[in-house]
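Visitor: Any chance you could fold what I've pasted below:
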Amino acid sequence: MFPTLQTPRFALRQIVDTDKEKVFEGLSDPQVIQYYGVSYQSLQEVQRQLDWYDSLLMKQTGIWWGICSLTNQQTLIGACGFNDWKKEHKRTEMGYWLLPHYWHSGVMSECIPVIIDYAFTQLQIHRIEAIVETENHRSCRLLEKLHFNFEGTHKECEIKNGQYIDLRYYALLNPRN
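Guide: Next up is the predicted model:
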């Protein structure tokens with residue numbers, strides 16, 4: 001059974017097929033994908049993302065939640081979760097995205113701590129990593145606000161749109177172990 005989580009304003013639930021249009025809206029929006037690792041040009045292509053969310057659960061290599069307001073749990077406004085879960089090392093990578101209309105309203109500041117707590121208490125994760133493009137200042141500030149430690153910058157370690165980019169590495173250790 002998928003673990004539904006809640007904050008004072010939001011429900012974090014499983015991402016399902018009926019979310020396809022909102023996932024497409026987010027992952028085709030130039031503002032969202034500017035610093036995101038994937039983007040889609042059509043609603044049909046977005047099925048790959050939904051399949052990826054499902055495969056994380058099936059293979060037990062991660063879990064992603066759809067973010068909805070408590071008053072409208074049918075309408076997805078973003079997503080957050082974990083992937084690249086290495087059980088033997090108790091380590092995972094965290095990611096997130098949000099529709100621009102909801103930016104600057106504290107959505108991620110409210111939702112991310114809930115999934116972090118789930119990872120630490122239920123999944124017995126010891127280390128959560130976040131990898132951010134250096135130009136994504138909002139994401140860097142969010143991670144720092146959430147007490148992630150900046151561990152360094154990998155210079156020109158990936159190619160995006162034909163250009164080398166730098167990535168900032170952050171990590172949060174489980175204080176319980």
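Visitor: number of nearby residues for Glu88?
Guide: By the measure other Cβ atoms under 10 Å, the count of residues near Glu88 is 5. Where you see a C-beta, it was placed from the backbone N, CA and C, and this is true even at glycine.
Visitor: meant to ask about Gly81, not that
Guide: Using other Cβ under 10 Å, Gly81 is surrounded by 22 other residues.
Visitor: Please tell me how far it sits from Gly95.
Guide: Distance of Gly81 to Gly95, given as Cβ to Cβ, to the nearest Å: 7 Å.
Visitor: hey, what's in contact with both of these two?
Guide: Residues touching both Gly81 and Gly95 (Cβ atoms under 8 Å, 6 or more residues apart in numbering): Trp64.
Visitor: Now Ile67. Nearest residue, chain neighbours left out?
Guide: Distances taken as Cβ to Cβ, 6 or more residues apart in numbering place Gly78 nearest to Ile67, at 4.4 Å, with adjacent residues excluded.
Visitor: mind listing what that neighbour touches?
Guide: Contacts were defined as Cβ under 8 Å, 6+ apart; by that measure Gly78 touches 26, 66-67, 96-99, 102, 107-108.
Visitor: Where strands are concerned, which of those residues count?
Guide: Counting by DSSP state E, the contacts of Gly78 place 66-67, 96-98 in strands.
Visitor: Confirm that Glu88 sits in a strand.
Guide: No: per DSSP: H, G, I helix; E, B strand; the rest coil, Glu88 lies outside any strand segment and is helix.
Visitor: just to revisit the earlier point, any idea which of the contacts of Gly78 is closest to Ile125?
Guide: Closest to Ile125 out of the contacts of Gly78 is Tyr96 (16.1 Å), distances taken as Cβ to Cβ.
Visitor: contacting residues around stretch 55-74?
Guide: Identification of contacts with stretch 55-74 by Cβ under 8 Å, 6+ apart yields 2-3, 5-6, 9-16, 18-19, 53, 75-85, 87, 92-93, 95, 98, 107, 111, 115.
Visitor: That stretch: which residues count as buried?
Guide: Neighbour-count burial for stretch 55-74 flags 56, 62-68 (criterion: 16 or more other Cβ atoms under 10 Å).
Visitor: what's the nearest residue to Lys90 if we skip its chain neighbours?
Guide: Residue nearest to Lys90 in three dimensions, not counting chain neighbours: His126, with 3.9 Å by Cβ to Cβ, 6+ apart.
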